[in-house]
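A.B. asks: for reference, the sequence and a predicted model appear below.
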Amino acid sequence: MTVTIKLQKPDGSLIAIFAADDNQSIAQLAKKNGVNYPISCGVGACGICKCKIIEGKQYIQIDKIFPPISPLARDEDGNFKEAYACVWGITSDAINDKEDHVVVLEKNM
C-alpha cells in the first residue's frame with residue numbers, strides 16, 4: 001500500500017512526512033516534498049546527507065540509486081544504524097505490497 005517516511009530532528013520534532021516512491025532516493029523524495037535536504041557528493045561518500053534510522057530499517061534499500069562509496073556503522077545484529085539519503089531508498093517490495101509501513105529517520109537540519 002504505502003511507505004510513509006517521517007523525517008525528524010534529534011529532539012523528536014517533526015521536519016516532514018511524505019510517501020515513498022519507487023526508484024528515488026530518500027533525499028530526492030524529501031526535496032520533492034518541499035524539504036531542503038542537504039546533499040553534496042550524491043554518491044554516499046561525504047556524509048552530509050547521512051541520517052539516523054530510528055524505525056523501519058527493514059524497508060530501506062542501501063543501493064536504491066547505486067551502492068554508497070563509504071561504509072556506515074552497523075548495530076550488533078548487523079543492521080545499519082544510519083543511511084546515506086542521497087543513494088538509499090525504500091525497497092520496492094515494501095512499496096508494492098499490501099501493507100502500510102513507516103520509516104522514521106533523524107536528521108540534524
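C.D. replies: Received, thanks.
A.B. asks: and the helices in this protein?
C.D. replies: 26-32, 92-96 (DSSP state H).
A.B. asks: okay, now the unreliable bits of this structure?
C.D. replies: Within the chain, no stretch has pLDDT under 70.
A.B. asks: quick one, strands of it?
C.D. replies: Taking DSSP state E, the strands of the chain run over residues 2-8, 14-19, 50-55, 60-61, 82-84, 89-90, 100-106.
A.B. asks: distance to residue 38 and mean neighbour count added to those, as CSV?
C.D. replies: For the C-beta atoms, the positions are set from N, CA and C on the backbone; glycine is no exception. Listed next are the strands of the chain as CSV, based on distance: least, Cβ to Cβ, whole Å; neighbours: other Cβ atoms under 10 Å:
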stretch, distance to residue 38, mean neighbour count
strand 2-8, 12, 19
strand 14-19, 12, 14
strand 50-55, 10, 18
strand 60-61, 19, 20
strand 82-84, 12, 24
strand 89-90, 17, 27
strand 100-106, 13, 18
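A.B. asks: quick one: closest of the ones you listed to residue 36.
C.D. replies: Of all those, the one in closest proximity to residue 36, counting by Cβ to Cβ, is strand 14-19 (9.8 Å).
A.B. asks: tell me which residues touch the nearest residue to residue 75 once chain neighbours are set aside, please.
C.D. replies: Residue nearest to residue 75 in three dimensions, not counting chain neighbours: residue 81, with 5.4 Å by Cβ to Cβ, 6 or more residues apart in numbering. By Cβ atoms under 8 Å, 6 or more residues apart in numbering, residue 81 lies in contact with 52-53, 72-75.
A.B. asks: and which of these is nearest to residue 106?
C.D. replies: Nearest to residue 106, judged by Cβ to Cβ, of the contacts of residue 81 is residue 52 at 4.1 Å.
A.B. asks: excluding sequence neighbours, find me the nearest residue to the closest one.
C.D. replies: Going by Cβ to Cβ, 6+ apart, residue 52 has residue 106 as its nearest residue, at 4.1 Å.
A.B. asks: contacting residues around the one you found?
C.D. replies: Residues near residue 106 by Cβ under 8 Å, 6+ apart: 7-10, 51-54.
A.B. asks: who's it bridged to?
C.D. replies: Beta bridges link residue 106 to residue 8, residue 52 when assigned by DSSP bridges.
A.B. asks: having no further points to raise, I will conclude here.
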